[in-house]
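J.: A structural model of the following input is requested.
(chains A, B, C and D)
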There are 2 protein chains.
Amino acid sequence: MIAAMGRWEPNARGRLEQAALELYGERGFERTTVVEIARRAGVTERTYFRHYADKREVLFAGSDLLRDLMEQAVARAPASAPPIEATTAALEAAASVIPDHAQARRRQAIIEANAELRERELIKLATLAEALTGALRGRGVPEPAASLAAETGIAVFKVAFERWIGDTGEADLPHYIRESLDALRTVTAEPARR
Amino acid sequence: MIAAMGRWEPNARGRLEQAALELYGERGFERTTVVEIARRAGVTERTYFRHYADKREVLFAGSDLLRDLMEQAVARAPASAPPIEATTAALEAAASVIPDHAQARRRQAIIEANAELRERELIKLATLAEALTGALRGRGVPEPAASLAAETGIAVFKVAFERWIGDTGEADLPHYIRESLDALRTVTAEPARR
DNA sequence: TCCAGTGATGTCATTGACTGACATCACGCT
DNA sequence: AGCGTGATGTCAGTCAATGACATCACTGGA
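T.: So this is what the prediction gives:
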């Protein structure tokens, strides 16, 4: 069937996302107004706010999916797997849905250029950590181990992601995740005493 | 000498902070306007914005001091101390300037009740992590170990602080920091193989 | 003693994010 | 033909945030 042409062009969300990405990239987040994004997408400002809660949220559409994937990866890990391994599985699942390097880099450049956007990114990561904590608790991991494994896992992801974005794309994201996990183990290892 | 009485009451900053704490506590962050805070402090809205960059910042005044203390603690750690121990010193320094349990709890209740405030808190913690990273790099710790030790340290602090706030004040904050550090070591320990 | 400079504040106008209330209209169903 | 629904448009309003300019107590000289 041919997609019915409604009263309006379909996929307003997608057009808004595209328009926002372009405008934030061209002129920066601060010097872009929501009215401009809406205009470029062919809708009104009011419609923008029906799709996204605020001016920043348009850049973080996929984060619910990411959370679900990580939760599922933890849930699917063998019951015998210790918290770190379940967490590692979640990080690998997350890595598998990150877009290609060029696209991720464009998006990250926009976010890092603006403090409000960095704040939003941090709360999204914190949400992932909470979800991870819950999933680990569901496996019987007690507190504070569950929270720590989750927070630490997100820290590993954050550091790995930054290094992946910053480096010139020879290695893939999972490589940096393994690198960061190794560094974490080294750093937290009980130092040789006396 | 008696403090000269200027054209206006002195200590506008302190009065603004007090007024904001009261109003955010009484009516919540969202249902408080900056005009109301300013009125209660006996100044105008414009003056509020000369002291604090935005409506949230009034709750995070001490965070620069915290950063300085943590940086200094890392710098002062013996050259032989591994990254974790330098980081631990920073966490202990941070714990020493946190106000009493009741006050911290009031403040935290305000922050946790509002997503915007949680965002601001997260970026303050991220700033601490960056400062820690820099201080560790200054000790010769290479990447990604420096970032991971810093991020992990902040994660430990976050978890410990939450538990301290949530529990009924029998133990002090340093106790929860030690508890969380222990849990971290357990969690990241190489699991027994086969 | 007076006066120019300074710093903290007040006043005013404006922009832009966000929201609530209500209108519109193509579509599908009956 | 009529009806309900969902996505959108229109409009008015609130409030955070900022720039421009005015005010005025205080200070350090001339």
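J.: Now the one residue sitting closest to the centre of chain A: closest residue in space that isn't a chain neighbour?
T.: Central residue of chain A (CA atoms, centre = their mean): A:Ser63, 5.4 Å from the mean position. For A:Ser63, ignoring the flanking residues on the chain, the nearest one in space by CB to CB, 6 or more residues apart in numbering or on different chains is A:Lys124 at 4.7 Å. Bear in mind the C-beta positions are built from the backbone N, C-alpha and C, glycine included.
J.: correct me, but the one you found touches A:Asp64?
T.: No - at 9.6 Å, A:Lys124 does not count as touching A:Asp64 under the criterion of CB atoms under 8 Å.
J.: what's the helix or strand for the residue nearest to A:Ser63?
T.: Here A:Lys124 sits within helix A:115-138, counting by DSSP states H and E.
J.: So is the helix or strand following that helix next to chain B?
T.: As assigned by DSSP H and E, the chain's next helix or strand after helix A:115-138 is helix A:145-166. Yes - counting by CB under 8 Å from any CB of the partner chain, chain B has neighbours in helix A:145-166: A:145, A:147-149, A:151-152, A:155-156, A:158-160, A:162-163.
J.: Can you tell me which of those are buried?
T.: Among those, those buried by neighbour count (16 or more other CB atoms under 10 Å in any protein chain shown) are A:145, A:147-149, A:151-152, A:155-156, A:158-160, A:162-163.
J.: I'd like those residues laid out as TSV, including pLDDT and distance to B:Glu22.
T.: Putting those into TSV (pLDDT from 0 to 100; distance: CB to CB, whole Å) gives the following:
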residue	pLDDT	distance to B:Glu22
A:Ala145	98	38
A:Ser147	98	32
A:Leu148	98	35
A:Ala149	98	39
A:Glu151	98	32
A:Thr152	98	37
A:Ala155	98	36
A:Val156	98	41
A:Lys158	98	36
A:Val159	98	40
A:Ala160	98	43
A:Glu162	98	40
A:Arg163	97	45
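J.: How far does stretch A:20-30 sit from its chain's centre?
T.: 19 Å (CA atoms, centre = their mean, to the nearest Å).
J.: Also stretch A:100-120?
T.: The chain centre lies 11 Å from the centre of stretch A:100-120; the measure is CA atoms, centre = their mean.
J.: Next, the buried residues of that stretch.
T.: Across stretch A:100-120, burial judged by 16+ other CB under 10 Å covers A:Arg107, A:Gln108, A:Ile110, A:Ile111, A:Asn114, A:Glu116, A:Leu117, A:Arg118, A:Glu119, A:Arg120.
J.: Do that stretch and chain B come into contact?
T.: Yes - using CB under 8 Å from any CB, stretch A:100-120 reaches chain B at A:Ala115, A:Arg118, A:Glu119, A:Arg120.
J.: does that stretch come close to DNA strand C?
T.: No - between stretch A:100-120 and DNA strand C, judged by CB under 7 Å from any atom of the strand, nothing touches; the nearest distance is 8.7 Å.
J.: what sits against the residue nearest to A:Gln72 when sequence neighbours are not counted?
T.: Closest residue to A:Gln72 in three dimensions, ignoring its sequence neighbours and counting by CB to CB, 6+ apart: A:Ala93, at 7.2 Å. Contacts were defined as CB atoms under 8 Å, 6 or more residues apart in numbering or on different chains; by that measure A:Ala93 touches A:Leu69, A:Met70, A:Gln72, A:Ala73.
J.: try 6 Å
T.: Residues near A:Ala93 by CB atoms under 6 Å, 6 or more residues apart in numbering or on different chains: A:Leu69, A:Met70, A:Ala73.
J.: just A:Ala150 next, same as before
T.: A:Ala129, A:Leu132, A:Thr133.
J.: Could you list the low-pLDDT ranges of chain A?
T.: Chain A contains residues with pLDDT under 70 at A:1-6, A:191-194.
J.: which bits of it sit near chain B?
T.: Within chain A, the positions near chain B by CB under 6 Å from any CB of the partner chain are A:82-83, A:119, A:122-123, A:126, A:144-145, A:147-149, A:151-152, A:155, A:159, A:180, A:183-185, A:187-188, A:191.
J.: and the helix or strand A:Gln103 falls within with helix A:115-138, angle?
T.: Element membership of A:Gln103 [criterion: DSSP H and E] is helix A:101-112. The directions of helix A:101-112 and helix A:115-138 differ by 110 degrees, with axes from the mean of the first three to the mean of the last three CA atoms, to 10 degrees as the criterion.
J.: DNA strand C contacts on chain A?
T.: Counting by CB under 7 Å from any atom of the strand, chain A comes close to DNA strand C at A:4-7, A:32-35, A:45-46, A:49, A:53-56.
J.: that older thread, turn the residues of stretch A:100-120 next to chain B into a markdown table, columns for distance to A:Ala89.
T.: What follows is the residues of stretch A:100-120 next to chain B, written out as a markdown table (distance: CB to CB, whole Å):
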| residue | distance to A:Ala89 |
| --- | --- |
| A:Ala115 | 33 |
| A:Arg118 | 28 |
| A:Glu119 | 29 |
| A:Arg120 | 26 |
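J.: of all the residues in chain A, which ones are close to DNA strand D?
T.: Applying CB under 7 Å from any atom of the strand, one finds that chain A approaches DNA strand D through A:Arg7, A:Trp8, A:Ala12, A:Gly42, A:Val43, A:Thr44, A:Arg46, A:Thr47, A:Arg50, A:His51.
J.: Buried ones among the residues you listed?
T.: Neighbour counting by 16+ other CB under 10 Å classes A:Ala12, A:Val43, A:Thr47, A:His51 among the residues of chain A next to DNA strand D as buried.
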